[in-house]
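> Dropping a prediction and its sequence here:
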Amino acid sequence: MRVRYFYWAALACASFGTNVMAQPSSPVSTAIPVSIQQTITTGMVGFTSNQSARLSVLNVNPIPATANARPNCTVELQFFDPQNHSLKESLVPNFAPQTAASLDLTRAEDAAPPVASQLRAQIRGAVTVNPAPTPGMSPAAVGYCGVMVTLETFDEATGSTIALTTDTRMIGTGGIVPWRNWTQSAVPK
């Protein structure tokens, strides 16, 4: 009796599973989020004449094992003064995993009025992953990047590091960057 009950139960499960698998998928048109736009900032760092600041970013994503991996991302590196004025920026499209990029700012480049009369300047660095495109910017790769950000000041004559910080914070909440719309077939009600 037990064997016969087990046989019928197994047959019912197999039949039910086959019917479920034959159902069409539900129709939903959604934007598949590929990446999140995020901005990471350092704290304020001081530097003076004969010194430069270097903002560096490392893509810590692993190198993909397959050719069908997610696309590389784009990063924007920027320096800001204490009043949040942009001093210098650089865009790095197609930022590949396990690679680094940097942006240098000399004290002479930062010597615009009213800070030109000051010997010492305060700056901060910011890195935006997948920045919003500007009118003059061509479409860049949009993908997910985990990044590590450092800001250092160094002596221009010797190249010796004077200060280094890896302490960063996220700015704002960012937004989802849609990759493409996917549509699935409808399910009758």
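Received the coordinates, thanks.

> what's near enough to touch Ile162?
Neighbouring residues of Ile162 by Cβ atoms under 8 Å, 6 or more residues apart in numbering: Phe47, Gln51, Glu152, Thr153, Phe154, Asp155. Every residue, glycine included, has its C-beta placed from N, CA and C.

> at 6 Å what do you get?
Ile162 is in contact with Thr153, Phe154, counting by Cβ atoms under 6 Å, 6 or more residues apart in numbering.

> Okay, it and Tyr144: tell me how far apart.
34 Å (Cβ to Cβ, to the nearest Å).

> for Thr165, same thing?
Relative to Tyr144, Thr165 is positioned 25 Å away (Cβ to Cβ).

> before we move on, what about Ile123?
In terms of Cβ to Cβ, Ile123 sits 28 Å off from Tyr144.

> So those two - more neighbours on which side?
Higher neighbour count among Ile123 and Tyr144: Ile123, with 23 against 16, using other Cβ atoms under 10 Å.

> Tell me how far the more buried one lies from Gly146.
From Ile123 across to Gly146, the span is 25 Å (Cβ to Cβ).

> swap in Ala53?
According to Cβ to Cβ, Ala53 and Gly146 sit 24 Å apart.

> which of those two has more neighbours?
Ala53 (28 against 13).
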